[in-house]
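Undergrad: Pasting a predicted model and its sequence here:
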Amino acid sequence: MRLVFYTGKGGVGKTTTAAATAAYAAACGRRTLVLSADPAHSLGDVLGVRLDQKTTTPLRVAPGLDALEVDSRATLDPHWGAIRDYLVSLFRHQGIYDLCIVDCAPTGSTLRLVTLPEVASRAVKLLLRVQRAVATLVSPVARVVVPVPLPGPEVFRDIDRMLYERLAKLRERLLEADTSVRIVVTPERMVIDEALRAHTDLALFELACDAVVMNRLYPAEAAAEAFFESWGRLQEERLAEVEESFAPLPVLRAPLAREEVVGVAALAAHGAAIFADADPAAVLCVAPRLRFARGKGEYRVELPLPHARKDALDVAKLDDALLVRTGNRRRAIPLPRKLAALALVGAKLDAGVLTVRLGTPR
């Protein structure tokens with residue numbers, strides 16, 4: 001199943017763009033599921049239907065097109081609730097659809113969702129190790145003093161299997177070649193800047209972006225009007241900037257519609273305008289990911305980090321992991337056994353690629 005996430009700063013129109021992609025794909029003959037993991041939940045409004053957030057069963061809204069909104073408000077923590085229900089609904093319907101479009105929450109929440117498997121699995125592994133050690137030392141005494149049952153080793157084993165193995169499978173799914181993220185932007189400075197940071201953060205966790213959608217572009221006839229002339233020039237400048245900054249990612253152009261885009265038919269027409277001759281379900285660009293290479297007497301870890309700044313980048317090695325921080329995001333990259341015993345020799349950021357050298361110190 002092809003899996004596509006849509007994200008972007010709040011208010012850029014990612015729900016409409018995600019729904020338009022799904023409606024157009026269904027019109028092209030793809031069995032499509034569009035799913036909202038955004039607590040704002042406007043997917044039903046855009047589709048012109050009422051979606052029941054209390055069920056994980058998708059609603060058929062058109063031939064070949066099903067929709068589902070995750071109920072995140074019924075839980076104590078909306079973000080974790082959305083993640084839990086989203087995963088349940090997604091894997092329950094695995095294999096039924098050709099394409100799954102996920103309308104994500106604004107950028108920050110999306111990054112927490114898609115990086116959850118790696119961040120959480122490492123945290124769970126460390127926590128279980130500590131808890132298991134403490135339980136082994138304390139349990140014999142505590143069982144005499146504390147009048148409640150304490151967890152035995154079988155409990156930790158089951159928790160380890162349930163959480164860690166499931167998270168590992170989810171991580172594998174996110175890294176598959178048919179999973180990608182598309183970033184929706186508008187010709188505004190703050191929106192573009194946030195999109196650039198999001199692209200860096202996604203690359204840090206090897207989550208591939210395959211396109212950028214420039215939304216709400218004035219049509220030529222509107223930009224030619226005297227009142228909109230300056231906006232038209234600014235729009236062209238920002239469009240050129242986005243195409244250059246995000247290259248080689250394709251930048252899809254989404255025109256500002258003459259009227260509100262609501263309903264499956266209007267969404268399908270809007271999707272056709274966005275994708276032109278491109279297949280909405282295709283992987284539109286294959287981005288490079290983490291690579292291990294061998295050099296003269298040392299090994300290299302090459303990690304693409306587009307738009308990363310040297311002054312906001314830290315690299316360190318701790319035990320069997322390479323720690324990389326860019327901005328507010330940090331990732332612990334597990335190293336192969338051969339590389340885990342080596343020392344950090346040097347690191348360099350060049351042309352959007354971080355190259356870390358590992359070897360024996362001289």
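TA: Nice, I can see it.

Undergrad: drop to CA atoms for contacts and neighbour counts, all remaining ones
TA: Will do.

Undergrad: how's the protein carved up into domains?
TA: Per automatic domain parsing, the domain ranges recorded for the chain read 2-111+173-275, 113-171, 291-359.

Undergrad: quick one: which of those is nearest residue 285?
TA: Residue 285 lies closest to domain 2-111+173-275 among those, at 4.6 Å (C-alpha to C-alpha).

Undergrad: Now find how far off-centre stretch 271-279 is within its chain.
TA: Centroid separation for stretch 271-279 versus its chain: 22 Å, with C-alpha atoms, centre = their mean, to the nearest Å.

Undergrad: hey, which of the domains of the chain is tucked in deepest?
TA: For the domains of the chain, average neighbour numbers computed from mean count of other C-alpha atoms under 10 Å are highest in domain 2-111+173-275, which has a mean of 19.

Undergrad: Now the terminal residues of that domain, how far apart.
TA: 17 Å (C-alpha to C-alpha, to the nearest Å).

Undergrad: tell me the mean pLDDT for that domain?
TA: Mean pLDDT, domain 2-111+173-275: 87.

Undergrad: how far does that domain sit from the chain's center?
TA: 12 Å.

Undergrad: Include distance to residue 282 when you put the domains of the chain into TSV, please.
TA: Output for those, formatted as TSV (distance: least, C-alpha to C-alpha, whole Å):
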stretch	distance to residue 282
domain 2-111+173-275	8
domain 113-171	20
domain 291-359	22
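
Undergrad: Quick check: which element contains residue 287?
TA: Counting by DSSP states H and E, there is no helix or strand that carries residue 287.

Undergrad: Could I get the full set of helices for the stretch 151-300 of the chain?
TA: 153-159, 165-174, 189-204, 220-223, 229-245, 264-275 (DSSP state H, counting those that start in this stretch).

Undergrad: Which of those helices sits closest to residue 29?
TA: helix 264-275 (12.0 Å).

Undergrad: which helices and strands does that closest one pack with?
TA: In terms of contacts (3 or more C-alpha pairs under 8 Å, 6 or more residues apart in numbering; DSSP states H and E), helix 264-275 is packed against helix 14-27, strand 251-255.

Undergrad: Contacts for it, please.
TA: Helix 264-275 is contacted from outside by 16-17, 19-25, 27, 47-48, 61-62, 252-255, 257, 261, using C-alpha atoms under 8 Å, 6 or more residues apart in numbering.

Undergrad: Assumed residue 66 was part of a strand.
TA: Yes. Assessed with DSSP: H, G, I helix; E, B strand; the rest coil, residue 66 lies in a strand.

Undergrad: any idea how far residue 302 is from it?
TA: 40 Å.
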